[in-house]
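Undergrad: Just need the structure, nothing else, for what follows:
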Amino acid sequence: MVNHENYWILRGVNSFGQYRSIKISDAQEFFLENFDRSRQIDRIEAREIQQTLFSWYRDEATETQIKAGCCLRCFVSNCIYQFCLSTEQKYRETYGLSRNDLFPVLLELIPTNSVVRSTVNDSLINDIINTFDLDKSSSLSTWASIKVKGNKQFKIVLKFYGIVEVTDWLILVKTTPGKLERKLRQQGYSEYEIQDYGNLLEAFHQVYRTEILAKRREINKQRQQEGRGKSHKPYPSPTEEQLKQITNVLDYSQLETQEVLNQLRNIATILRNNNPAENNNNNNLAEPRSDINGEMKMTIYNQIESCLLSVTNQLIEAKIDYFLNKRTPNRQKANNLVLGLNLFYCQGYSMGEIATQLELSGQSQVSRLLKLKELREDISRNIIPILKERLREQISQFLSDPAKLAILDTKIQEFIEPEIQEVIQEAEVEVFDSQNRTRNSLFARTVCQCLQQRGK
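TA: You can find the predicted model right below:
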């Protein structure tokens, strides 16, 4: 249910940058007068309310326009306030970031009079309201979140605390169409929106993902020849030319490139939002393509999990053997590696807590011991050729037509890569989520299974 008080409670800061909120009585009277006439207000959809307020705010140069704008400004201020709270919850434990660091940067000065109209033309709230397109954005709150994340001052605060957020473009590159479809259905999007967003993501993959991964492979090949490690630079925003190519793929010639960019950011924001259903063990993998029947789907799922278990077990044993087979064997490090992986993935310990348990000097020593990033990369690199061969053998059981088998065989590589990327990406996000001590990803469960088998 929508909290309608958000349309007349304004959140901001005083002249000292301290948080405060006020109730705007004129906005409350205006809102209740217009939305509580013929039916119960709780039954009115948020989109309907916002559409009506925007129609008054943008079309009527009257007192109605001022009051509608006041309601919208109150609503956006509440969106920004909630964003500050969720950002604090996300980063406080690890980085010490507080909501009080964000309020003076993102919230506006509470006016001394009752007319809530910002005197700063380029204010964040003004920008959110004036750039919101009700026809192309899912909701005003989602659009507010997108704009706040792109705010320069917000990024400066994160940088000051040493926080580097996953970019929208990395999320989109790593997201399969199946995962996006599940997410949209879970959040109640219409069939039209699901198809529209799905087509846009596929066009983004066809243009941006293809180009960026090809460039990165070339760069990393050169770095390898020079004896350097892989490049991990953030994924850049799509170029103007790439956005034009995406519109051409979709035959959206009527859309401006900025609108396409906004829609892509909107998808990334939807994907960022946590949904409890995503923790269901059955949702770790995207749905296979429609030309694969139910029996084949189960075969693919089983092979992915079986292959992941086999490869993970081999790599963990290889790391243990490395310590034991050195010129000067180090059994303590081998034992610490096993215990550290168990504490992190199976018991939910933080890096700091593991350092205490293993009597190490700090988190950096734990990171160097476990090398979780290296483990994920090794698994990703080793699993694909093995999985590809297994799937080819298994799928051939269901297809008697050689021509169909040949066609499907050419698609196996492009099918399994996103699936494995999703498994690895889920594990990567889990590592950096300081609030989540229950690590339920397929990767985490696989590591625990390997350790349990080893202990028998």
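Undergrad: so who does F160 touch?
TA: By C-beta atoms under 8 Å, 6 or more residues apart in numbering, no residues touch F160. Quick note: C-beta positions are derived from backbone N, CA and C, even for glycine.
Undergrad: And the pLDDT at it?
TA: For F160, the model assigns a pLDDT of 79.
Undergrad: Against G96, how distant is it?
TA: 11 Å (C-beta to C-beta, to the nearest Å).
Undergrad: Could you do L391 as well?
TA: Relative to G96, and taking C-beta to C-beta, L391 is found at 47 Å.
Undergrad: list the contacts for the closest residue to L213 other than its chain neighbours?
TA: Leaving out its chain neighbours, the residue that sits closest to L213 by C-beta to C-beta, 6 or more residues apart in numbering is V173, at 7.6 Å. V173 sits next to 205, 208-209, 212-213, 235 when contact means C-beta under 8 Å, 6+ apart.
Undergrad: run the last query once more with 10 Å
TA: By C-beta atoms under 10 Å, 6 or more residues apart in numbering, the residues touching V173 are 167, 204-205, 208-209, 212-213, 235, 418, 421, 425.
Undergrad: what does S306 give?
TA: Counting by C-beta under 10 Å, 6+ apart, S306 has contacts 387, 390.
Undergrad: gap between it and R445?
TA: 13 Å.
Undergrad: How about V105?
TA: Distance, V105 to R445, by C-beta to C-beta: 40 Å.
Undergrad: Check E353 too.
TA: From E353 to R445 the distance is 21 Å (C-beta to C-beta).
Undergrad: Contacts made by stretch 307-320 with the rest, please.
TA: Applying C-beta under 10 Å, 6+ apart, the external contacts of stretch 307-320 come out as 331, 333-335, 337-338, 341, 369-371, 374-376, 378-384, 386-391, 416, 420, 423, 442-443, 445-447, 449-451, 453-454.
Undergrad: ok, now with 6 Å
TA: If you take C-beta atoms under 6 Å, 6 or more residues apart in numbering as the criterion, stretch 307-320 is touched by 334, 378-379, 382-383, 386-387, 446, 450.
Undergrad: From the residues you listed, pick the one nearest L358.
TA: Ranking these by separation from L358, with C-beta to C-beta as the measure, puts A334 on top at 12.3 Å.
Undergrad: in the helix or strand where E48 lies, what counts as buried?
TA: Taking DSSP states H and E as the criterion, E48 maps to helix 46-59. Applying a neighbour-count criterion of 16 or more other C-beta atoms under 10 Å, one finds 46, 49-50, 53-54, 56-57 buried in helix 46-59.
Undergrad: Identify the residues contacting I246.
TA: Taking C-beta under 6 Å, 6+ apart as the criterion, I246 is in contact with 203, 207, 260.
Undergrad: any idea how far T210 is from it?
TA: Here I246 is placed at a distance of 11 Å from T210 (C-beta to C-beta).
Undergrad: circling back to that earlier point, tell me the mean pLDDT for the helix holding E48?
TA: Average pLDDT, helix 46-59: 84.
Undergrad: next one: stretch 82-90
TA: Mean per-residue pLDDT for stretch 82-90: 90.
Undergrad: List the buried residues of that stretch.
TA: Within stretch 82-90, the residues that qualify as buried by neighbour count (16+ other C-beta under 10 Å) are 83-84, 87-88, 90.
Undergrad: What about those, which are in helices?
TA: When the buried residues of stretch 82-90 are checked against helices (DSSP state H), the matches are 83-84, 87-88, 90.
Undergrad: Any chance of a markdown table for the residues you listed, columns distance to L264?
TA: Formatted as a markdown table, these follow (distance: C-beta to C-beta, whole Å):
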| residue | distance to L264 |
| --- | --- |
| F83 | 20 |
| C84 | 25 |
| T87 | 22 |
| E88 | 27 |
| K90 | 23 |
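Undergrad: and of those residues, the nearest to E256?
TA: Of all those, E256 sits closest to F83, with 26.7 Å by C-beta to C-beta.
Undergrad: and the closest residue to the closest one other than its chain neighbours, how many residues sit next to it?
TA: Among residues not flanking F83 along the chain, V148 sits closest, at 5.2 Å (C-beta to C-beta, 6+ apart). V148 has 22 neighbouring residues, counting by other C-beta atoms under 10 Å.
Undergrad: Having no further points to raise, I will conclude here.
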